[in-house]
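> next input, structure requested:
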Amino acid sequence: MQTENTLALPVGITLDRFIKSQQDAFPYATGELSQLLRDIALASKIINREINRAGLIDITGALGRDNVQGEAQQKLDIIANIRFIRALVNGGQVVGILSEEDNEITQTNNHYAKYVVAMDPLDGSSNIDVNVSIGTIFSIYRRISPIGTPATEADFTQGGRKQIAAGYILYGSSTIMVYTTGKGVNGFTYENSLGEYFLSHADIKMPKTGNIYSVNEAYFNEFPNYIKEFIEEMRQKSGCMARYIGSLVGDFHRNLLKGGIYLYPPTRKAESGKLRLFYECYPLAFVIEQAGGKACDGREDILDIIPQKIHQRSIIYLGSDELIDNLEEKIKTHNHLMIKQLELV
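The predicted structure follows:
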């Protein structure tokens, strides 16, 4: 039962106020990054509106063409891409945008801007038809090309450790924006009636271990033996649960809060992995490391992978510290046995 006191509780700290307080902690901050984060938040509010009315205005379903990744584009993919690009162009803080939906870098003509953004404007958009959670993933770099010139590929291929901010927006039962600037991870829930994000998940810390594993088990027979063994061990573990939505942001967000591991191993069709390094793997790896978890491809940390091309794909394992350690140990043992077998030939 609600009382007068509970009805009058404050709604909390807004995203704008939080960003301002973080900026004030750095005496030499000039506000451009703060404004850029606000621009991303604004675009996400517009996307949230489009998603909520998608079934009423015929913007669900496939568009009938493929994107640069060879995947069927959904109508909402295009809408989200346009909305984010417009918000970033009009915001004036971004010189170039790398999107999953576009083959080339989008030049904003803001040649004096200091930042570039890599993004997946709407990950898992095919799930909108069945009302499943979907999301946006973004990564921000400080440009290295000369101020006053267009963005270059070098601005984006600096490597994951050069990210200055990254995060995601989850559009689900509530819309949540989670991001890091390298000083921990915080989450903000959107309050529709007020049109504001409010701090709801302060200083997120991922549990050191967990009982959730997230993987598309339809490909189980195509997985390497060490992944099959790891999954079998998880199945046999007391209290272990398989949870896989098929929407990367939704799976990642659940495991970040509850503890667990997300696996996208190599398969026969995708020996180098399927997820994109720049606008899926790097940003989520940055977030999970800042929250105390780990991200690797089985050989090295995701953030240490040296990029070769802007639409590069990668194998990825994201999860709680203990689970990633267990997986890496299994991979090392497998590789050691393979070397021994080769030596005997």
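> what's the mean pLDDT across stretch 256-272?
Mean per-residue pLDDT for stretch 256-272: 95.
> ends of that stretch, what's the gap?
25 Å (Cα to Cα, to the nearest Å).
> buried ones in it, by neighbour count?
If you call a residue buried by 16 or more other Cβ atoms under 10 Å, then stretch 256-272 has these buried ones: L256, L257, G259, G260, I261, Y262, L263, Y264, P265, P266, T267. C-beta here means a position set from N, CA and C on the backbone, and glycine is covered the same way.
> OK, contacts around the closest residue to the last one other than its chain neighbours?
It refers to T267. Once flanking residues are discounted, T267 sits nearest to E222: 4.2 Å by Cβ to Cβ, 6 or more residues apart in numbering. Applying Cβ atoms under 8 Å, 6 or more residues apart in numbering, we find E222 in contact with T267, R268, K269.
> next step: those residues restricted to strands.
Of these, none are assigned to strands by DSSP state E.
> make CSV from those residues and add distance to A43 to it.
Below are the contacts of E222 laid out as CSV (distance: Cβ to Cβ, whole Å):
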residue, distance to A43
T267, 33
R268, 37
K269, 33
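> and the buried residues of stretch 256-272 as JSON lines, adding secondary structure and distance to T106?
Converted to JSON lines, the buried residues of stretch 256-272 look like this (DSSP: H, G, I helix; E, B strand; the rest coil; distance: Cβ to Cβ, whole Å):
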{"residue": "L256", "secondary structure": "helix", "distance to T106": "29"}
{"residue": "L257", "secondary structure": "helix", "distance to T106": "33"}
{"residue": "G259", "secondary structure": "coil", "distance to T106": "37"}
{"residue": "G260", "secondary structure": "coil", "distance to T106": "35"}
{"residue": "I261", "secondary structure": "strand", "distance to T106": "34"}
{"residue": "Y262", "secondary structure": "strand", "distance to T106": "29"}
{"residue": "L263", "secondary structure": "strand", "distance to T106": "32"}
{"residue": "Y264", "secondary structure": "strand", "distance to T106": "27"}
{"residue": "P265", "secondary structure": "coil", "distance to T106": "32"}
{"residue": "P266", "secondary structure": "coil", "distance to T106": "31"}
{"residue": "T267", "secondary structure": "coil", "distance to T106": "31"}
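> return the member of those residues nearest to G210.
The closest of those to G210 turns out to be G259 (Cβ to Cβ; 2.6 Å).
> contact partners for the closest one?
Contacts of G259 (Cβ under 8 Å, 6+ apart): M206, P207, K208, T209, G210, N211, I212, S320.
> hmm, which of those residues are the buried ones?
Looks like the contacts of G259 have M206, P207, T209, G210, N211, I212, S320 buried, using 16+ other Cβ under 10 Å.
> helix, strand or coil for the first one?
Assigned with DSSP: H, G, I helix; E, B strand; the rest coil, M206 falls in the coil class.
> near Q308, how many other residues are there?
8 (other Cβ atoms under 10 Å).
> just the one 10 residues further on next, same as before
Counted with other Cβ under 10 Å, residues neighbouring L318 total 30.
> contacting residues around it?
F252, N255, I261, Y262, L284, A285, I288, G293, K294, A295.
> surely the last one touches P283?
No. Distance between A295 and P283: 10.3 Å, which falls outside the contact criterion (Cβ atoms under 8 Å).
> looking at those two, which one has more neighbours?
Neighbour count, other Cβ under 10 Å: between A295 and P283, P283 has more, with 26 against 23.
> quick check: the gap between the more buried one and I46.
20 Å (Cβ to Cβ, to the nearest Å).
> then M177?
Look at M177 and I46: by Cβ to Cβ, they are 13 Å apart.
> and G92, how many neighbours does it have?
15.
> which one is it nearest to, not counting chain neighbours?
In this structure, G92 finds its nearest non-sequential neighbour in N110, 5.2 Å apart by Cβ to Cβ, 6+ apart.
> stretch 191-200 - what's its average pLDDT?
pLDDT averaged over stretch 191-200 gives 95.
> quick one, helices of this structure?
4-7, 15-24, 32-52, 75-91, 153-156, 225-236, 248-258, 282-290, 321-344 (DSSP state H).
> quick one: closest of the ones you listed to Y197.
helix 15-24 (3.7 Å).
> between that closest one and helix 32-52, how many degrees?
Between the axes of helix 15-24 and helix 32-52, defined by axes from the mean of the first three to the mean of the last three Cα atoms, to 10 degrees, the angle is 160 degrees.
> measure L37 to V117 for me?
Distance of L37 to V117, computed by Cβ to Cβ: 11 Å.
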